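Colleague: what's the 3D shape of this:
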Amino acid sequence: MKNQPQDIKRIVALAEDRGLFNFTLAYFDHSGRLRAKYYNTSGLEKAMTDGTAMNLGIFAASLNEVPMETSPFLDPDNQFRDAAIRLMADTCRDFPLDGEKPGLLLIGELIDEYRAYCPRAFLSTELARYEQMGLRAYGAFEFEWYLLEETSKSIASKVPDSINVRSGFEVFYSFVDQIVENALFRDVIDCCETMGMPVETIHTEFTQIMEAALRPALGAAIADNGGLFKAVMKATARKHGLLASFMARRNMIEQSCGAHINLSLRNKDDDSVFFEEEAPDKLSDTMRHFIGGLQRYTPELFLMQAPNLNSYRRYQPGLFTPLSNTWGVNNKTVAFRAVNANRGATRVESRLPGADTNPHLALTGMLMAGRKGIEERIEPAEATVGDGWSVESPEELALPLEFTASIDRFEQSRLAREALGDGFVDCYVASRRWQIEDQQSTVTDWELRTFLEGA
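Modeller: Reported below is the predicted structural model:
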């Protein structure tokens, strides 16, 4: 995808009018982390036309920044090669965290041979498939996270149960707790508003968890906003002397942190194609088939929703996490919740991902499965009424709620290889298996408690 000349000129002129010497070049890696660097504005036009260099080391680093020996991007003889990244004009945003002047931030996509490894490029390609069907995606992410009275250095020597959680957030939707932390919340809300990704709601949740829902957006901005929100929340928390953790499950006692994807489809007239006044539950055939596709194909694409070893700690009874491949109307105990309040609000809410999910891959996977459902006119299973947590899915629809099983299903997925390519699937699978290998080579705190004296 190339930028239009008039958009490039507009953004270059904007940087000149503001007297900016630098702008922020940003990129989301395979784990959804926002990588960035300051770039001189003299190279802004070139970065939006021919592209600029991005070090492939960002793909070879694990979540704790350890090089993964199995990564195809690790080149010990020549260090890390550079890939070409093109900044997308439609991602240009005001960036209030960039000093006193209002800065600019632009997100890029890999081009040429390395586009086949770019999560945002996969999303752009999938959205283009919907455009060919006369459809546009519209939606937003919700996230849960913990605020910790820790730093990256302090947690290095701690065990899970000794992490210090920010006190004062024990009450669900607490007016008092939220007023006490108003300065932190206000900084996040103001920054997100300036960056064009307004926060719909932000509040305390159960057991010291925070939750925020973003305002709906169109297309790739759904995932861009999700990834940017996590980065902004982390940066703002650090400025307040805290650490924001989107880890799926911090220990085996407290609640886990989830992420919900709210998604609807609109036609070229900006009208919902999920709502139909005369249909049962007011859900159109398109929406039913979309849900049918989610149920049919999500099991083999589950790794795109739950990407890490720790992600699978959430899938336990009692954690408000779906454990079966179910759907229902306005039912929060199922995997896929159909919301049908009115035409504008009708949507599918996927309640499967944890807060550690990569927004671009999670949204792409959801769109891939839903598209296949529409194309193949797949009818969903019978809607679940009542307690969906206790429902068992039939074997052919069962979700792979164990990390190794999820990796194997993704590796064998014909749909993943057709839509994403063999190169990415093999690379992504190798990076997930590396997590298992790294954990198995680590002496854990459980082993110390069990064997240090007892053996």
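Colleague: which strands and helices sit next to the longest strand seen in the chain?
Modeller: As assigned by DSSP state E, the longest strand anywhere in the chain is strand 135-148. If you count contacts as 3 or more CB pairs under 8 Å, 6 or more residues apart in numbering; DSSP states H and E, strand 135-148 packs onto helix 119-132, strand 209-214, strand 217-218, helix 221-239, strand 243-245, strand 259-267, helix 359-376. The way it works is simple: take the backbone N, C-alpha and C, and place the C-beta from them, glycine included.
Colleague: using CSV, lay out these together with mean pLDDT.
Modeller: Converted to CSV, the helices and strands packed on strand 135-148 look like this (pLDDT from 0 to 100):
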stretch, mean pLDDT
helix 119-132, 97
strand 209-214, 94
strand 217-218, 98
helix 221-239, 97
strand 243-245, 95
strand 259-267, 98
helix 359-376, 98
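Colleague: what segments of the stretch 251-400 of the chain are strands?
Modeller: For the stretch 251-400 of the chain, strands defined by DSSP state E, counting those that start in this stretch occupy the ranges 259-267, 327-329, 336-339, 347-350.
Colleague: Throw those strands into CSV and include distance to Met368 and mean neighbour count, thanks.
Modeller: Below are these laid out as CSV (distance: least, CB to CB, whole Å; neighbours: other CB atoms under 10 Å):
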stretch, distance to Met368, mean neighbour count
strand 259-267, 12, 22
strand 327-329, 17, 21
strand 336-339, 15, 23
strand 347-350, 13, 23
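Colleague: which residues in the stretch 351-455 of the chain form helices?
Modeller: 359-376, 403-412, 414-420, 422-440, 445-451 (DSSP state H, counting those that start in this stretch).
Colleague: send the alpha carbons of the third one over as PDB?
Modeller: Backbone C-alpha positions of helix 414-420 (Å, rounded to 0.1, in the frame of the first residue of the first chain) are rendered in PDB as follows:
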ATOM      1  CA  ARG A 414      -4.200 -24.300   6.100                       C
ATOM      2  CA  LEU A 415      -6.000 -21.000   6.600                       C
ATOM      3  CA  ALA A 416      -3.000 -19.400   8.400                       C
ATOM      4  CA  ARG A 417      -0.600 -20.500   5.700                       C
ATOM      5  CA  GLU A 418      -2.900 -19.300   2.900                       C
ATOM      6  CA  ALA A 419      -3.500 -15.900   4.500                       C
ATOM      7  CA  LEU A 420      -0.200 -15.200   6.300                       C
END
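Colleague: and that helix, how far out from the chain's middle?
Modeller: Counting by CA atoms, centre = their mean, to the nearest Å, helix 414-420 is centred 20 Å from the centre of its parent chain.
Colleague: quick one: buried residues of that helix?
Modeller: By neighbour count with 16 or more other CB atoms under 10 Å, helix 414-420 contains the buried residues Leu415, Ala416, Arg417, Ala419, Leu420.
Colleague: any idea of the angle the longest strand of the chain forms with helix 359-376?
Modeller: Here strand 135-148 runs at an angle of 150 degrees relative to helix 359-376 (axes from the mean of the first three to the mean of the last three CA atoms, to 10 degrees).
Colleague: spatially, what comes nearest to the residue most central in space within the chain if we skip its sequence neighbours?
Modeller: By CA atoms, centre = their mean, the chain has its centre lying nearest to Pro359, at 1.9 Å. Closest residue to Pro359 apart from its sequence neighbours, by CB to CB, 6 or more residues apart in numbering: Gly226 at 3.5 Å.
Colleague: which ones are touching the one you found?
Modeller: Ala140, Phe141, Phe143, Leu214, Ala259, Pro359, Leu363 (CB atoms under 8 Å, 6 or more residues apart in numbering).
Colleague: burial measure for Lys332, as a count.
Modeller: By the criterion of other CB atoms under 10 Å, Lys332 has 12 neighbours.
Colleague: and if you look at Gly168?
Modeller: 15.
Colleague: and if you look at Glu447?
Modeller: Neighbour tally, Glu447, other CB under 10 Å: 11.
Colleague: ok, it to Val159 distance?
Modeller: Per CB to CB, to the nearest Å, Glu447 is found 11 Å from Val159.
Colleague: how about Thr444?
Modeller: 9 Å.
Colleague: where does the chain dip in pLDDT?
Modeller: 76-78, 99-100 (pLDDT under 70).
Colleague: mind doing that once more with 80?
Modeller: 1, 62, 64-65, 67-71, 73-80, 98-101, 167-173, 177, 206-207 (pLDDT under 80).
Colleague: show me it divided up by domain.
Modeller: 5-117, 127-420 (automatic domain parsing).
Colleague: hang on, Thr24 in a strand?
Modeller: Yes: using DSSP: H, G, I helix; E, B strand; the rest coil, the assignment for Thr24 is a strand.
Colleague: report the buried residues of stretch 307-316.
Modeller: For stretch 307-316, a neighbour-count test (16+ other CB under 10 Å) marks Pro307, Asn308, Leu309, Asn310, Ser311, Tyr312, Arg313, Arg314, Tyr315 as buried.
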